[in-house]
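Peer 1: Give me coordinates for this.
(one chain, ligands or ions: 1)
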Amino acid sequence: MGKMRIYEYAKEKNKTSKEVIEQLKKLDVEVANHMSSITAEMRNKLEKTFHKNKETKAKETSRGTNNQAQTEKASKKTAQHQKQQSNQSKNQQKKQGNKQKNRQQNRQQKGRNKKGAMQIKQQEQVQETPKHIVYSETLTVNGLAEKLHKDVSEIIKKLMFLGIMATKNQDLDDDAVELICSDYNVTVEKEIILEDTDFDKYRKEDDEQDLIERPAVVTIMGHVDHGKTTLLDSIRHTKVTAGEAGGITQHIGAYQAENDGKKVTFLDTPGHEAFTSMRSRGAQITDIAILVVAADDGVMPQTVEAINHAKAAEVPIIVAVNKMDKETANPDRVMQELTEYQLIPEDWGGSTIFVPISAIKGEGIDELLEMILLVAEMEELKANPNKAAFGTVIDAQLDRGRGAVASLLVQDGTLSVGDSIVVGNTFGRVRAMVNDLGQRIDKAEPSTPVEITGLNAVPQAGDQFLVFTDERKARQIGETRQQQHIVESRGSQAKISLDDLFEQIKQGEMKDLNVIIKADVQGSAEALAASLRKIEVENVQINIIHTGVGAITESDVILASASNAVVIGFNVRPDVNAQKAAESEKVDLRLHRVIYKAIEEMEAAMKGLLDPEYEEKVIGQAEVRETFKVSKIGTIAGSYVTNGKITRNANVRLIRNGVVLYEGELLALKRFKDDVREVVQNYECGITIKDFNDIKTGDTIEAFVMEEIDRT
Ligand SMILES: Nc1nc2c(ncn2[C@@H]2O[C@H](COP(=O)(O)OP(=O)(O)OP(=O)(O)O)[C@@H](O)[C@H]2O)c(=O)[nH]1
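Peer 2: Predicted coordinates for the structure are as follows:
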């Protein structure tokens, strides 16, 4: 059985909460309000006094004294009677009995209360009151009044009586709803809508024969200024079928190019940040990554980042060696440098495709597209166009005239105008749909990017969408997802942290521990990586997914979040954005200044030996010299601080003859009559311990705090 609250007890005893609270006060028991729970001891005390009161009241009644409790009881009976009266199916015998009873009670009622018609109105209201109400999510004051068939002002008054100032459109919390209802003797039920909101639950497995080839979705990555945007533009100009819509291409976050009658979809936002932030949101939309490396510049830091991001996502890489038109172009150097990252050309015994291009001159574009088609063929990219569409948001914004506008990439099924759709935490019906050429279309098959309108709100890039055949279902799921999102955003998902690593290893959830290393110099990053790789813990392998030089950046954190990795910073710190991202993404950042400490920590975490985050620190001791028993408060220990200090927010333990009798919180710390924040050595004070009164002269009260350990 759960805890009983004051108002529940009052109801059981036919008392008002106020009466119970007052009675408790008389008994020197302090309670906060009607929602406070009631202990067995409190119950016993109350039972006794109420029992006594009852006897006195009984005597008074026999002397003909009228009292409020009786009036209440009588009016309740009247209400009951009226309910009974309205019930036609009651058997005759009962009716007879009731009639007699009612006549008697009515007489009593009339005698007691001569207010007449007003009274009747109230009774009618009582009659109308439902016995049970059901609500879901939240209820406003107005909503509650409607459900209870009451006037909203009556509910507001009752709330005021409970100390809740509410307007009629204000949401009530569950406790308030429960209290008001209990006041009307109405039982409440909160309906929890258990709509399954996971898209996977609604997506059906495909039969092999229903699958057909679909265009590859390609992302272009690479170092700054190596020519990503130029390449995207070049492909668009040479390969997009301009024409029907006057050749004006729409920037909807992606476009389709054609080569030999086969399509390829290019995502418009170059760079790995967008790619990885989508992945961190659970969306894997890229099938192939094009790594652009300028032939005159070679492998640069962001080239390496891009490689690691693509590898972490297990996406095949095609290298486009750009700026081949330049005199200083040195493709061999690029190839040489990339071998370090396991991107080895076929000629050199590897399997990576290298295509020399000049994005600015449009040279090598055909070859690049051919290679993309080749890799796509090897990847066997397929989808079933004959089912409800599923895919991902590439971009979304609010348009003044059109409302929420979202660019979607259809990844499976066919999206049609009029479809009921849930997009992330939004929903609606596809009102209008345009393709990358700005043409209005009715249907979009797998790998097609489209822009749609008709959603109730703006979704986020990386959100997934799913079409539902039932419009109502789409709405329900959309609304529930919206609610869940609000709840989840309060306590965002936990990522891997060294503190729970061992637990996960034990439970077999962790086979590879992904690590990102950022250091002040390449040498130490490599040394740390090499040492970490050597750590041997059964069944777990350390996987260094990225190493780099410089501060920990937001991009590192996003990669860590997407890959469930821990970031180790050696002699470097996170920048402001990285710090913020780590907090919101719950990414564990470990900062070290000594290599062996970093290794030790990792090893300890993997073996489950990591110290707790906090450790106890004793801050002072006091000797109990006298005790005072105060009925409202409990035992006050008149003490003398023998060393250190006792602070108001410290935890305390009571020690008697060297044995710890109790450990808990300090309730009050006083000097004379005043509450104080701390009392230092050689001063006297009064201490009370929360929920503990067995304090004796000669006991020691030890104060301690929990301090975070600095692991650096
Ligand atoms: N000579 C030559 N220059 C090129 C080529 N491709 C791009 N460029 C030039 O290189 C510079 C950078 O090109 P962008 O396409 O903006 O490079 P990016 O990788 O998109 O750069 P960010 O958007 O800053 O990351 C521009 O001045 C381009 O004109 C090429 O094939 N040959």
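
Peer 1: where does the stretch 351-500 of the chain have low pLDDT?
Peer 2: Within the stretch 351-500 of the chain, the ranges that satisfy pLDDT under 70 run 484-496, 499-500.

Peer 1: Alongside the ligand, which residues does it contribute?
Peer 2: The stretch 351-500 of the chain has residues 358-360 near the ligand, with proximity defined as C-beta under 6 Å from any ligand atom. Quick note: C-beta positions are derived from backbone N, CA and C, even for glycine.

Peer 1: Selecting buried members of the residues you listed in ChimeraX, what would you type?
Peer 2: The following ChimeraX line selects those of those that are buried, judged by 16 or more other C-beta atoms under 10 Å:
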select :358,359,360
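
Peer 1: Checking Ala320 next. Helix, strand or coil?
Peer 2: With DSSP: H, G, I helix; E, B strand; the rest coil as the basis, Ala320 sits in strand.

Peer 1: contacting residues around it?
Peer 2: Residues in contact with Ala320 (C-beta atoms under 8 Å, 6 or more residues apart in numbering) are 231, 290-293, 355, 357, 359, 364, 368.

Peer 1: Let me know the pLDDT of Pro331.
Peer 2: Note for Pro331: predicted pLDDT of 95.

Peer 1: how close does it get to the ligand?
Peer 2: According to C-beta to the nearest ligand atom, to the nearest Å, Pro331 and the ligand sit 12 Å apart.

Peer 1: My read is that that residue contacts Val319, right?
Peer 2: No. The pair Pro331 / Val319 is not scored as a contact, 9.7 Å apart, by C-beta atoms under 8 Å.

Peer 1: Any idea how many residues pack against the residue of the stretch 51-200 of the chain found nearest the ligand?
Peer 2: With C-beta to the nearest ligand atom, the shortest gap between the stretch 51-200 of the chain and the ligand falls at Phe199, namely 33.4 Å. Number of residues near Phe199 (other C-beta atoms under 10 Å) recorded here: 14.

Peer 1: Give the full set of residues in contact with it.
Peer 2: If you count contacts by C-beta under 8 Å, 6+ apart, Phe199 has them with 390, 422, 464, 466.

Peer 1: nearest to Ala582, of the contacts of Ala320?
Peer 2: The closest of those to Ala582 turns out to be Leu291 (C-beta to C-beta; 27.1 Å).

Peer 1: Check which helices and strands the helix or strand harbouring the closest one sits against.
Peer 2: Per DSSP states H and E, Leu291 falls inside strand 288-294. With contacts taken as 3 or more C-beta pairs under 8 Å, 6 or more residues apart in numbering; DSSP states H and E, strand 288-294 sits against strand 216-222, helix 228-239, helix 301-312, strand 317-322, helix 365-379.

Peer 1: Remind me what the helix or strand following the last one packs against, helices and strands.
Peer 2: I take that to be helix 365-379. Going down the chain from helix 365-379, the next helix or strand is strand 382-383, by DSSP H and E. Contacts defined by 3+ C-beta pairs under 8 Å, 6+ apart place strand 382-383 against strand 212-213.

Peer 1: ok, for Asp287, nearest residue in space, not its chain neighbours?
Peer 2: The spatial neighbour of Asp287 that comes closest, neighbours along the chain excluded (C-beta to C-beta, 6 or more residues apart in numbering), is Ala216 at 4.5 Å.

Peer 1: And Gly350, what's its pLDDT?
Peer 2: Note on Gly350: pLDDT of 90.

Peer 1: related to what we said a few turns ago, and the strand holding Leu291, how far out from the chain's middle?
Peer 2: The chain centroid and the centroid of strand 288-294 are separated by 36 Å under C-alpha atoms, centre = their mean, to the nearest Å.

Peer 1: Need phi/psi at the nearest residue to Thr167 once chain neighbours are set aside.
Peer 2: Nearest non-adjacent residue to Thr167, counting by C-beta to C-beta, 6+ apart: Val141, 6.9 Å away. Phi and psi for Val141, reported as degrees, to the nearest 10, are phi -60, psi -50.

Peer 1: Count the neighbours of Val141 for me.
Peer 2: Val141 is flanked by 24 other residues according to other C-beta under 10 Å.

Peer 1: got the contact list for it?
Peer 2: With contact taken as C-beta under 8 Å, 6+ apart, Val141 is in contact with 152, 155-156, 159, 166-170, 172.

Peer 1: so can I have CSV of those residues showing pLDDT and secondary structure?
Peer 2: Below are these laid out as CSV (pLDDT from 0 to 100; DSSP: H, G, I helix; E, B strand; the rest coil):
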residue, pLDDT, secondary structure
Val152, 86, helix
Ile155, 90, helix
Ile156, 88, helix
Leu159, 85, helix
Ala166, 80, coil
Thr167, 83, coil
Lys168, 82, coil
Asn169, 83, coil
Gln170, 83, coil
Leu172, 86, strand
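
Peer 1: Out of these, which end up buried?
Peer 2: Buried residues within those, counting neighbours by 16+ other C-beta under 10 Å: 152, 155-156, 159, 166, 172.

Peer 1: Where is the longest strand in this structure?
Peer 2: strand 614-630 (DSSP state E).

Peer 1: next structured bit after it?
Peer 2: Downstream of strand 614-630, the next assigned helix or strand under DSSP H and E is strand 634-647.

Peer 1: Across the sheet, point out what pairs with the closest residue to Thr286 other than its chain neighbours.
Peer 2: Sequence neighbours aside, Thr219 is the residue nearest to Thr286 in space, at 4.4 Å (criterion: C-beta to C-beta, 6+ apart). In this entry, Thr219 is beta-bridged to Ala289, by DSSP bridges.

Peer 1: Per-residue confidence, Thr219, what does it come out as?
Peer 2: In this model, Thr219 carries a pLDDT of 92.

Peer 1: was I right about it contacting Leu267?
Peer 2: Yes. With contact defined as C-beta under 8 Å, Thr219 reaches Leu267; the gap is 4.9 Å.

Peer 1: can you list contacts of the strand or helix carrying Ala10?
Peer 2: Following DSSP H and E, one finds Ala10 within helix 6-12. Residues from elsewhere that reach helix 6-12 (C-beta under 8 Å, 6+ apart): 16-17, 19-21, 24, 31, 33-38, 43, 46, 179, 182.

Peer 1: Buried ones in the strand or helix carrying Asp200, by neighbour count?
Peer 2: According to DSSP H and E, Asp200 maps onto helix 199-202. For helix 199-202, a neighbour-count test (16+ other C-beta under 10 Å) marks Tyr202 as buried.

Peer 1: Quick one: mean pLDDT over it.
Peer 2: Mean predicted confidence for helix 199-202 is 76.

Peer 1: chain center to that helix: distance?
Peer 2: 20 Å.

Peer 1: Kindly report the same for stretch 334-351.
Peer 2: How far stretch 334-351 lies from its chain's middle: 43 Å, per C-alpha atoms, centre = their mean.

Peer 1: And that stretch, what's buried?
Peer 2: The neighbour-count check on stretch 334-351 (16+ other C-beta under 10 Å) flags 334-335, 337-338, 341, 343-345 as buried.

Peer 1: which residues are in contact with that stretch?
Peer 2: The set of residues external to stretch 334-351 that reach it, using C-beta under 8 Å, 6+ apart, is 291, 293, 295, 298-299, 304, 307, 317, 319, 321, 352-354.

Peer 1: Distance to Phe672 for the residues you listed - can I get that in CSV?
Peer 2: Converted to CSV, the contacts of stretch 334-351 look like this (distance: C-beta to C-beta, whole Å):
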residue, distance to Phe672
Leu291, 75
Val293, 77
Ala295, 83
Gly298, 77
Val299, 74
Val304, 68
Ile307, 70
Ile317, 75
Val319, 79
Val321, 83
Thr352, 80
Ile353, 84
Phe354, 84
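
Peer 1: of these, closest to the ligand?
Peer 2: Nearest to the ligand among those: Ala295, at 8.6 Å, using C-beta to the nearest ligand atom.

Peer 1: quick one: the closest residue to that closest one other than its chain neighbours from Ser555, how far?
Peer 2: Leaving aside its chain neighbours, Ala295 sits nearest to Ala329 (3.7 Å; criterion: C-beta to C-beta, 6+ apart). Separation of Ala329 from Ser555 (C-beta to C-beta, to the nearest Å): 28 Å.
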